[in-house]
Each structure stands twice: as structure tokens, then as C-alpha cells.
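*Asks:* Below is the structure, and that's it, no one-letter string:
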């Protein structure tokens, strides 16, 4: 139960980072924290129950986590190459400008 | 006592990873976070989980270091010592609830009810094959995202 509390605290820190930070890389780091906190439950609960099944679940969780990281990094690099920005707020401004330009053309 | 110290280090590293504005420092804190996670797993007898976390953490941190070098802004404003100490003290407060419970009771030895190999290949074989397909699809997806038409 104590490790569940620990992972809940880590999830809280990750969610705080997601909500308070606007840098794209910081958002990715917060997602990493949340993913590690979630997978920690598998290992700790299985370890206390003396079963190896949790560790094999961890491998599956890691591959999913790696896929998520790869896609977010790819999107981040694409956005940086195309617009030269690394800030979520500026990305939203660009999107609004694009929509306004489309409306004026239409 | 060792487990409590590791949990304290884990939470301080997590708080600093979120606190630092400079991406390189945040990634360094994330590396420390992974290191303490590996120690925690190893102490609890989850040897394979510790090794896999170490491998995954090393890969993630190196990729993030490269990305942070590319995306970092060279700005002159620095964080104050007060904010740094505040982040560390928040982590120290957060460690109290798990430490007051039974986090120090480390389960000794490796898991023995069913071996890791048996579990991995007999119980989870289909999942592992499907994960391979998922990773292949993701690799194709990333290539499509990064592809730019001249």
C-alpha cells in the first residue's frame, strides 16, 4: 500500500509538471514520470507477492512507454523544424493565426 | 532506512526534474530519478525489472539529452536558490506518507513462485509478439511524421 502512495505522489508531481510547464520537453519529462510511477505498481506489488508476473508486465509497459516517447519526440521535432517554437502557448497562437488566415481567405 | 533514503532521493529528483526550466538540468534530474528507481527495484528483489529499467532509462535519457540540446534556449535568467530549496523541501515533505508506513520492509531475494523466463515466454508470449508489431507500427508512424516533402 505504501508503494501505491509513493506512485500516487509521483503521478501528482507529473500532473503538476504537465499543467504548469509549457516547454515541450518538460511536458515529455512529466509524461515519463507518470509512466514510471504507473509501472512501479506492477513491480512493487508483484515483488511483495513474490511473483514474477509483475516484472513481465513491466516489460510490456516499457515498450508502450517507449512508443509514446518516440511519437511525442517526433511530433516535437517536427513542430520545432516547421515553426521554430518550443512552447505550447506559442503553438496554440500559431494555430489560431492559421485558422484566422483560413477564414479571411474563405 | 536505506529504502527511505532512496525514496527521498527519488522524490527530490522527480521534483527537480519538474522544477528546472533549463531542459538539460531537467534531463539530468530525470537520470538521477531513473537511478534511484533502479536501486529501489533491486532492493525489493526485482532484479530483471531493475536491469530493464536501467536499459530503458539510459536510452530515454540519452535521447532526451540530444533533444534538449537542440531545443534549449540560451537565456540569461537563472532560478533563485530559494526556489531550489523550496522544491527540495516539498519533496522532503512528500516522502513522509510512504515512509511512515512500511516502505522500509524490503522483500528479500528474487521472486521464486514462477520464474521470469516461464512467465515471459509461456504466459505473456502473445503480448510480446503483439508488442513487436506495435513497435514496428510506431517506427513507421515516426518515419511518416518526420518525413518532409521537398
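*Replies:* On my side now, so go ahead. Small disclaimer: the values here were computed from a predicted structure and weren't measured.

*Asks:* so what's residue B:17 up against?
*Replies:* A:17, A:29, A:33, B:26-27, B:29-30, B:33 (C-beta atoms under 8 Å, 6 or more residues apart in numbering or on different chains). No exception for glycine: its C-beta is placed from N, CA and C like everyone else's.

*Asks:* If we use 6 Å, what do you get?
*Replies:* By C-beta atoms under 6 Å, 6 or more residues apart in numbering or on different chains, the residues touching residue B:17 are A:29, B:26, B:29-30, B:33.

*Asks:* got a list of contacts for the helix or strand hosting residue B:93?
*Replies:* Following DSSP states H and E, one finds residue B:93 within helix B:81-94. Helix B:81-94 has contacts (C-beta under 6 Å, 6+ apart) with A:9, B:11-12, B:15-16, B:19.

*Asks:* from these, which single one is nearest residue B:53?
*Replies:* Residue B:53 lies nearest to residue B:11 out of those, by C-beta to C-beta, at 16.8 Å.

*Asks:* Surely the closest one is in contact with residue B:95?
*Replies:* Yes: contact criterion C-beta atoms under 6 Å: residue B:11 and residue B:95 qualify, at 5.1 Å.

*Asks:* Mind checking which of these two has more residues around it?
*Replies:* residue B:11 (25 against 21; other C-beta atoms under 10 Å in any protein chain shown).

*Asks:* circling back: in terms of distance to residue B:65, which of the contacts of residue B:17 ranks first?
*Replies:* The closest of the contacts of residue B:17 to residue B:65 turns out to be residue B:30 (C-beta to C-beta; 9.7 Å).

*Asks:* tell me the pLDDT at the residue lying closest to the closest one once chain neighbours are set aside?
*Replies:* Once flanking residues are discounted, residue B:30 sits nearest to residue B:17: 4.7 Å by C-beta to C-beta, 6 or more residues apart in numbering or on different chains. Residue B:17 carries a pLDDT value of 89.

*Asks:* Might you list the low-confidence residue ranges for chain A?
*Replies:* A:1, A:50-52, A:106 (pLDDT under 70).

*Asks:* Among the contacts of residue B:17, which one sits closest to residue B:44?
*Replies:* Using C-beta to C-beta, the contacts of residue B:17 come closest to residue B:44 at residue B:33, 16.9 Å.

*Asks:* before we move on, which element is the closest residue in space to residue A:44 that isn't next to it in sequence in?
*Replies:* Distances taken as C-beta to C-beta, 6+ apart put residue A:3 closest to residue A:44, at 3.8 Å, once the chain neighbours are dropped. Under the criterion of DSSP H and E, residue A:3 resides in helix A:2-20.

*Asks:* Tell me the spacing between the residue sitting nearest the centre point of chain A and chain B.
*Replies:* Nearest to the geometric centre of chain A sits residue A:31, at 2.3 Å (C-alpha atoms, centre = their mean). Distance of residue A:31 to chain B, computed by C-beta to the nearest C-beta, to the nearest Å: 11 Å.
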